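>>> Following is a predicted model, sequence given first.
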Amino acid sequence: MTVGDKQYSSFITEPVKALIDFPDMFKETVKEVKKLPDTFVKTPEGFNTINNLEIDVKALITYSTSNNERTIELRNLKNNESLYEWNVKNPHKPQSRIMDPLLLPNKEIVYSFNGVTGLIKIDSLGNQIWKQPKMAHHHSLNLDSAGNVWACSYKKENGAFIIYKGKFKLGDQSYNFIDNTICHLDVSTGEILFHKSIVDILVENKLEHLILKSNNAEDPFHLNDVEPALSTTKNYKEGDLFLSFRNISCLMHYRPNTNKVIEIIEGPFYSQHDVDILSDSTISLFNNNSHTIKQKTANGWRKANDQKDYGSFYSNVIGYNLNTHEFFDISNKAFVKNSIFTYTEGKAEQLPDGSIFIEEQNSGLIWVLKDDEAIYKGVYISQHEGYHHLPNWTRIIND
């Protein structure tokens, strides 16, 4: 079911009213708070918000209403107005997440529980229109120029989605690994139009050596975004895809209708997410700027007397010129100034006024940056005092 158009949702106003009327109620739920699933993040003590937005910023967000229910909400961050809600039952684990849902005309939604279910389409009232169970969606969803859906996916085999699809050998050591796929679906029916293995793409384009580039032999690629080109330019054709692979820190420009890899893009970025097409000559990416596997602090060797400190590294947004093959900084100063860093996930979206929306996913902080300054800083406040919702790939809706 859904909650229709309104100024403020009951979900937002009722918990706030309860906090005002009963300030001690949460003292009785300490045990409950300690058992909160990972869909909630502890809010820093003394957390200060910033809101100097001059334009509406409509965000499609998802969060845990309860262990067995999720809410998809269209919210205006400028005034925190809830514009529409869809309530979805969660038959899975308390930490199961709806990530990066798509908003379609007539308030229809395409969504999945990340890595668990096939894609599902519902109408404005939450009624199921179709479900595609032969694939599992993970990470991103995007619409192509015809309004059909591209998804990062797995193919269902042997009763499971995430299985060891590939294997290789180094010397006398054998390795099993997870293969990702990309999936194209008809938005009206949910029919699969195209489903292709990443390993097959690499092998058929003589790029299988990239399997060995990853320091995670079990999950060598970790596809996290599939961004379709919506028009034809000098640098790409309508229907081309830009794919982001976290565990090999590279992007792939791929042409599905000819099965050709046009370019492998590698550069000063690591464990990146969220590739976007900004113009006919420019793409951008959210650079996590991190190891792909968390490293232990090196303590096994003696420290030099004159040990050099190379400072801190933060995430940022990087642009890439498809004409010159050069990289350029888009937002590094603001990231450093505000210590913005997320080890995994993360999103960036350019807004119509030139500002940049940022989801610092691991901490759950939401930012809008403009002219190297933070003009918005906030969290998605939850029903649990001292905790906010873990963001699940906020989608900015530009009318």
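Alright, I've got the coordinates.
>>> Identify the residues contacting the nearest residue to Asp353 once chain neighbours are set aside.
Excluding the flanking residues, the one nearest Asp353 by Cβ to Cβ, 6 or more residues apart in numbering is Ile55, at 5.2 Å. Using the backbone N, CA and C atoms, a C-beta is placed for each residue, glycine as well. Residues near Ile55 by Cβ atoms under 8 Å, 6 or more residues apart in numbering: 78, 351-353.
>>> let's see 10 Å
Applying Cβ atoms under 10 Å, 6 or more residues apart in numbering, one finds that Ile55 lies in contact with 77-78, 351-353, 355, 368.
>>> buried subset of those?
Those of these that meet the buried threshold are 77-78, 351, 355, 368, by 16 or more other Cβ atoms under 10 Å.
>>> and which of these is nearest Asn289?
Closest approach between these and Asn289, by Cβ to Cβ: Val368, at 20.0 Å.
>>> Look at that closest one and give its secondary structure.
Classification of Val368 using DSSP: H, G, I helix; E, B strand; the rest coil returns strand.
>>> Bridge partners for it, pull those for me.
In this entry, Val368 is beta-bridged to Phe357, Tyr376, by DSSP bridges.
>>> where's it relative to Lys196, distance?
36 Å (Cβ to Cβ, to the nearest Å).
>>> For burial, what's the neighbour tally of the nearest residue to Asp399 once chain neighbours are set aside?
Excluding the flanking residues, the one nearest Asp399 by Cβ to Cβ, 6+ apart is Lys58, at 7.4 Å. Other residues near Lys58 come to 18 when the count uses other Cβ atoms under 10 Å.
>>> Identify the bridge partners of Lys58.
Going by DSSP bridges, Lys58 forms beta bridges with Asn76.
>>> List the residues that contact it.
74-78, 81, 83, 103, 395-399.
>>> Check Asn257 too.
194, 237-240.
>>> Now do the strands for the stretch 201-350 of the chain: every range, in order, please.
Ranges of strands within the stretch 201-350 of the chain are 223-228, 241-245, 250-255, 260-265, 273-277, 282-287, 316-321, 326-329, 347-350, based on DSSP state E, counting those that start in this stretch.
>>> gap between the second one and the chain center?
Using Cα atoms, centre = their mean, to the nearest Å, the distance from the centre of strand 241-245 to the centre of the chain it belongs to is 13 Å.
>>> try the last one
Strand 347-350 sits 10 Å away from the centroid of its parent chain (Cα atoms, centre = their mean).
>>> and what of the fourth one?
Distance, stretch centre to chain centre, for strand 260-265: 23 Å (Cα atoms, centre = their mean).
>>> Mean confidence (pLDDT) on it, please.
The predicted model assigns strand 260-265 a mean pLDDT of 98.
>>> Flag every buried residue along that strand.
Neighbour-count burial for strand 260-265 flags 261-262, 264-265 (criterion: 16+ other Cβ under 10 Å).
>>> can you give me the angle it makes with strand 250-255?
If you take axes from the mean of the first three to the mean of the last three Cα atoms, to 10 degrees, strand 260-265 sits at 160 degrees to strand 250-255.
>>> What helices and strands are in contact with strand 260-265?
Contact partners of strand 260-265 among helices and strands, from 3 or more Cβ pairs under 10 Å, 6 or more residues apart in numbering; DSSP states H and E: helix 198-204, strand 241-245, strand 250-255.
>>> now swap in the first one and tell me
Counting contacts by 3+ Cβ pairs under 10 Å, 6+ apart, strand 223-228 is packed against strand 135-143, strand 149-155, strand 181-185, strand 241-245, strand 250-255, strand 273-277, strand 282-287.
>>> can you check the last one too?
Secondary-structure packing of strand 347-350 (3+ Cβ pairs under 10 Å, 6+ apart): strand 273-277, strand 282-287, strand 316-321, strand 356-360, strand 365-370, strand 395-396.
>>> where does the stretch 201-350 of the chain have low pLDDT?
For the stretch 201-350 of the chain, no stretch has pLDDT under 70.
>>> try it again with 90
215, 294-304 (pLDDT under 90).
>>> do the same with the stretch 51-200 of the chain
For the stretch 51-200 of the chain, the stretches flagged by pLDDT under 90 are 115-117, 155-166.
>>> Which stretches in it count as strands?
Going by DSSP E, counting those that start in this stretch, the stretch 51-200 of the chain shows strands at 58-66, 69-76, 81-89, 102-103, 109-111, 119-122, 128-132, 135-143, 149-155, 164-170, 173-178, 181-185, 192-197.
>>> Compare those and give me the one nearest Phe327.
strand 135-143 (21.8 Å).
>>> Quick one: work out the angle between the closest one and strand 241-245.
Calculated by the same axes, to 10 degrees, strand 135-143 forms an angle of 130 degrees with strand 241-245.
>>> Give me the sheet partners of strand 135-143 and which way each runs.
strand 149-155 (antiparallel).
>>> Can you show me the CA trace of the strand it pairs with as PDB?
In PDB, the C-alpha atoms belonging to strand 149-155 read as follows (Å, rounded to 0.1, in the frame of the first residue of the first chain):
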ATOM      1  CA  VAL A 149      15.600  -0.900 -17.500                       C
ATOM      2  CA  TRP A 150      19.300  -1.800 -17.300                       C
ATOM      3  CA  ALA A 151      20.400  -3.600 -14.100                       C
ATOM      4  CA  CYS A 152      23.500  -4.900 -12.400                       C
ATOM      5  CA  SER A 153      22.500  -8.500 -11.900                       C
ATOM      6  CA  TYR A 154      23.200 -12.100 -11.300                       C
ATOM      7  CA  LYS A 155      21.600 -15.000 -13.200                       C
END
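>>> most neighbours, which of the contacts of Asn257?
With neighbours taken as other Cβ under 10 Å, the top of the contacts of Asn257 is Asp240, carrying 22 neighbours.
>>> Could you report the neighbour count for the spatially closest residue to that one that is not a sequence neighbour?
Nearest residue to Asp240, sequence neighbours excluded (Cβ to Cβ, 6+ apart): Ala229, at 4.3 Å. Per other Cβ under 10 Å, the neighbour tally for Ala229 reads 21.
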